[in-house]
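>>> Attaching a predicted model along with its sequence, questions to come.
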Amino acid sequence: MLSRRFPDHGHVLTKSISPDLFRAALSHWTSGVTVVTTSDPAGSHHGFTASAFSSVSLDPALVLVCLDNRANCYEAFDQSSGFAVHVLAEGQEGLAGHFARKGADKFAGLDMDLSPAGLPLLPDALVRMECRTERRIPAGDHLILIGEVLEAQTGDGDPLVYYRSDFRRLADGSRA
Ligand SMILES: Cc1cc2nc3c(=O)[nH]c(=O)nc-3n(C[C@H](O)[C@H](O)[C@H](O)COP(=O)(O)O)c2cc1C
């Protein structure tokens, strides 16, 4: 285990971190896993797996998700008026892998509903949130999508966990 005493780099914050060190540092951050979906104006469905999800505000109810500028679905999310966030449950790592793979229609053969606003909704997620896109903020090589949560359904069960580049299970869920 790394020593928790870090070297003192002084007060000069000018040098950029190397991409490898940045990735390694971020891999220690434990997150849940989401699949974020939307529809484009022609009615085609789009979605991607995202761990860069966060709550933003309680009142109004806002969440955010960060989307890579190079994603095939970028244009669809940049133009659509809303998106749906699915928090994945334990055992849904296959679905996470499916939506992380680039390819043709990710929804072909998938069980799916449509929200009244036309957003593709996947069944069996642990939590499902339907959002109106409140704001888009370009940030480095990602686009921050801030959404107002208009509808949510929550299920029972444990979440799928992502830590150090792997899908994990919550151990025994006991309190620390
Ligand atoms: C566990 C996991 C978490 C991910 N988190 C994000 C994320 O937060 N933002 C993002 O843009 N891509 C993320 N990705 C990668 C995208 O899911 C992947 O590049 C996806 O194929 C992009 O959509 P596209 O097929 O439309 O290009 C993640 C992938 C995995 C496996």
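All right, it came through fine. Numbering: from 1, shown residues only.

>>> Residue ranges in this protein under the pLDDT threshold?
Under the criterion of pLDDT under 70, the regions of the chain flagged as low confidence span 1-4, 7-12.

>>> Up against the ligand, what does this structure have?
Residues of the chain lying close to the ligand by CB under 6 Å from any ligand atom are 33, 48-52, 66-68, 71-73, 96, 99-102, 162. C-beta coordinates here come from the backbone N, C-alpha and C atoms, glycine included.

>>> Look at the nearest residue to Lys102 once chain neighbours are set aside and say how many residues are nearby.
Residue nearest to Lys102 in three dimensions, not counting chain neighbours: Asn72, with 6.1 Å by CB to CB, 6 or more residues apart in numbering. When counting by other CB atoms under 10 Å, one arrives at 13 neighbours for Asn72.

>>> Ok, Asp40 next?
16.

>>> Check the one 5 residues further on too.
The criterion is other CB under 10 Å. On that basis, His45 has 20 neighbouring residues.

>>> Verify the contact between it and Ser39 for me.
Yes - the pair formed by His45 and Ser39 meets the contact definition of CB atoms under 8 Å, at 5.5 Å.

>>> Could you pull out the residues contacting both of the two?
Common contacts of His45 and Ser39, defined by CB atoms under 8 Å, 6 or more residues apart in numbering, comprise Pro120.
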